[in-house]
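Novice: quick one: sequence and predicted model below, then my questions.
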Amino acid sequence: MSAAPRRSIARALYRGGTALLEAGALPFLHWRLKHGKEDALRLPERLGRTSIPRPPGPLIWLHGASVGEGLALLPLIERLAGRGLQVLLTTGTVSSSRVLGNRMPPGAVHQFAPLDGPRAARRFLDQWRPDLVIFAESELWPNLLGEATRRRIPTALINARMSARSFARWRRLPALARDLLGDFDIVLAQTQADAKRYTALSGRPVPSTGTIKFDAAPPPANPAELAALQRSVAGRPVWIAASTHAGEDQDCCAVHRELSHRLPGLLTIIVPRKVDRGPALVAHAGQLGLSAGLRSRGDAIEPETDIHIADTMGELGLFYRLQTAVFVGKSLVPAGGGQNPIEPAKLGNAVLHGPHTANFAEVYADLDAAGASVRVADMADLGAALTNLLGDRMKLTQAARKAALVIEARMGATERTFEQLQPYLPHDGSRAGS
């Protein structure tokens, strides 16, 4: 495992600054609670405290930022649990706790990640005493990472990604980048481009093991709810605007109004990334003369419904199983980066997206190259692409089939990651909780 490294000046300043800021942690958390960003009953977890006892035996701590990262880690968590290892998963958002709570394997524990302050980091590690720490994607928390290294706990960064923009920023802080990345015993990148960037910043070879999100199980759906949804949309052309961000979701209402003249009976289902946008979207649709319903208040999809706003958590799997055309959001906003296209593709949908897809650049490039997705420049372009797909069932079916094949061909990253982690896994109870 890594020896204790010499810290950069920037990291020392970070540690000192966060130590001072910890004095105001409670007011900060209560402010977040007021804005719906924390769980009142679990607020102590953010300070490194918990009422849950550490289970006996070797324990692996995995951390992902939110819902997507946590779900991607589930196949690896199942592999670890299958080895008889205890598993702790932390994330940082309320939505992730709600979604992951129902999908974790038996015995695995979810906690909110502690704030990255020195005292919170110490409390957290004192309580859980992990035998291996695994961070996912781009989670680089200096105090948590440094405290784990100080205790000589093996650490890994897996499914690591870094956009060209982030790489340019880190290049301006080379000492800090090498300091942080030097704490990891192993770094495994998603793509060759990510591997090159991490290699340049860390000064050591970083392999690419692929994207573990390809291996994640598709989001679930209640069979009874799915049957009811299929009955309510039967015979109608349907498209889904998924994980849309502010601006995109409103523009999708305008796209519907334009398309409805060409596609009689059209139903648009909008799944906003932030569910609290639902009422505003219903009001906006009404201003355009459209009939809109809100799923959170139980509005049914009637024959006259133009737009259905699915403002509920954890139901994307339900709508993706309609197997139609899905526009994946956060891709038509300049500061976007694109949401995950893997889930709709895996469930047999044709994928549409805007030009801003840096978060999943290689996935979108592969889908585009295979004719499995359509890149659109703006909302007018989106309308034309939807008309083309929804107006020709054969084209829609072919694009969806190609999308599923692209995803299937890129699976296997979880197994490759697991193999790379083998040297760092505890093989008996001798180090457990040390």
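Specialist: Nice, I can see it.
Novice: show me how far the helix or strand of the chain with the lowest mean pLDDT is from its chain's centre.
Specialist: Ranking every helix and strand in the chain by mean pLDDT, DSSP states H and E puts helix 94-101 at the bottom, with a mean of 88. Averaging C-alpha positions (C-alpha atoms, centre = their mean, to the nearest Å) puts helix 94-101 12 Å from its chain's average.
Novice: show me which positions of it end up buried.
Specialist: 94, 95, 96, 97, 99, 100 (16 or more other C-beta atoms under 10 Å). The way it works is simple: take the backbone N, C-alpha and C, and place the C-beta from them, glycine included.
Novice: quick check: residue 210 is in a strand.
Specialist: No. In this structure, residue 210 is coil, not part of a strand, as judged by DSSP: H, G, I helix; E, B strand; the rest coil.
Novice: which residues does it contact?
Specialist: For residue 210, the set of contacting residues under the criterion of C-beta atoms under 8 Å, 6 or more residues apart in numbering consists of 190, 191, 410, 412, 413, 416.
Novice: how far away is the fifth one from residue 16?
Specialist: With the distance defined as C-beta to C-beta, to the nearest Å, residue 413 ends up 38 Å from residue 16.
Novice: ok, those two, which is more surrounded?
Specialist: residue 413 (23 against 11; other C-beta atoms under 10 Å).
Novice: and of the buried residues of helix 94-101, the nearest to residue 367?
Specialist: Minimum distance to residue 367 across these is 24.4 Å, recorded for residue 99 (C-beta to C-beta).
Novice: what is the subsequent helix or strand relative to the least confident helix or strand of the chain?
Specialist: Reading on from helix 94-101 to the C-terminus, the next helix or strand found by DSSP states H and E is strand 109-112.
Novice: and that following strand, what does it pack against?
Specialist: Here strand 109-112 is seen to pack against strand 86-91, helix 94-101 when contacts are counted using 3 or more C-beta pairs under 8 Å, 6 or more residues apart in numbering; DSSP states H and E.
Novice: residue 116: which of those is closest?
Specialist: strand 86-91 (11.7 Å).
Novice: just to revisit the earlier point, pick out the most distant pair among the contacts of residue 210.
Specialist: Longest distance between any two of the contacts of residue 210 is 14.2 Å, between 191 and 412; criterion C-beta to C-beta.
Novice: so these two - more neighbours on which side?
Specialist: Here residue 191 and residue 412 are compared on neighbour count by other C-beta under 10 Å; more neighbours surround residue 191, at 20 against 13.
Novice: pretty sure that one contacts residue 211?
Specialist: Yes. In terms of C-beta atoms under 8 Å, residue 191 counts as a neighbour of residue 211; the distance is 7.2 Å.
Novice: which residue lies nearest the spatial centre of the protein?
Specialist: Computing the C-alpha centroid of the chain and ranking residues by C-alpha atoms, centre = their mean puts residue 68 first, at 2.0 Å.
Novice: ok, now which ones touch it?
Specialist: 213, 340.
Novice: orientation of the helix or strand hosting it relative to strand 86-91 in degrees?
Specialist: Element membership for residue 68 (DSSP H and E) is helix 67-82. An angle of 180 degrees separates the directions of helix 67-82 and strand 86-91 when computed by axes from the mean of the first three to the mean of the last three C-alpha atoms, to 10 degrees.
Novice: off-centre distance for helix 67-82?
Specialist: For helix 67-82, the distance between its averaged C-alpha position and the chain's averaged C-alpha position is 12 Å (C-alpha atoms, centre = their mean).
Novice: in that helix, what's buried?
Specialist: Applying a neighbour-count criterion of 16+ other C-beta under 10 Å, one finds 67-77, 79-81 buried in helix 67-82.
Novice: where does the closest residue to residue 183 other than its chain neighbours land on pLDDT?
Specialist: When the adjacent residues along the chain are set aside, residue 183 lies closest to residue 149, with 4.5 Å between them (C-beta to C-beta, 6 or more residues apart in numbering). In this prediction, residue 149 carries a pLDDT score of 95.
Novice: sorry, back to before: distance to residue 289 added to the helices and strands packed on strand 109-112, as JSON lines?
Specialist: Output for those, formatted as JSON lines (distance: least, C-beta to C-beta, whole Å):
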{"stretch": "strand 86-91", "distance to residue 289": "41"}
{"stretch": "helix 94-101", "distance to residue 289": "33"}
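Novice: pretty sure residue 167 sits against residue 199.
Specialist: No. Residue 167 is beyond contact range of residue 199, at 11.1 Å (criterion: C-beta under 8 Å).
Novice: neighbours of residue 213, how many?
Specialist: Neighbours of residue 213 under the rule other C-beta under 10 Å: 28.
Novice: three-state assignment of it?
Specialist: At residue 213 the chain is in helix, as set by three-state DSSP.
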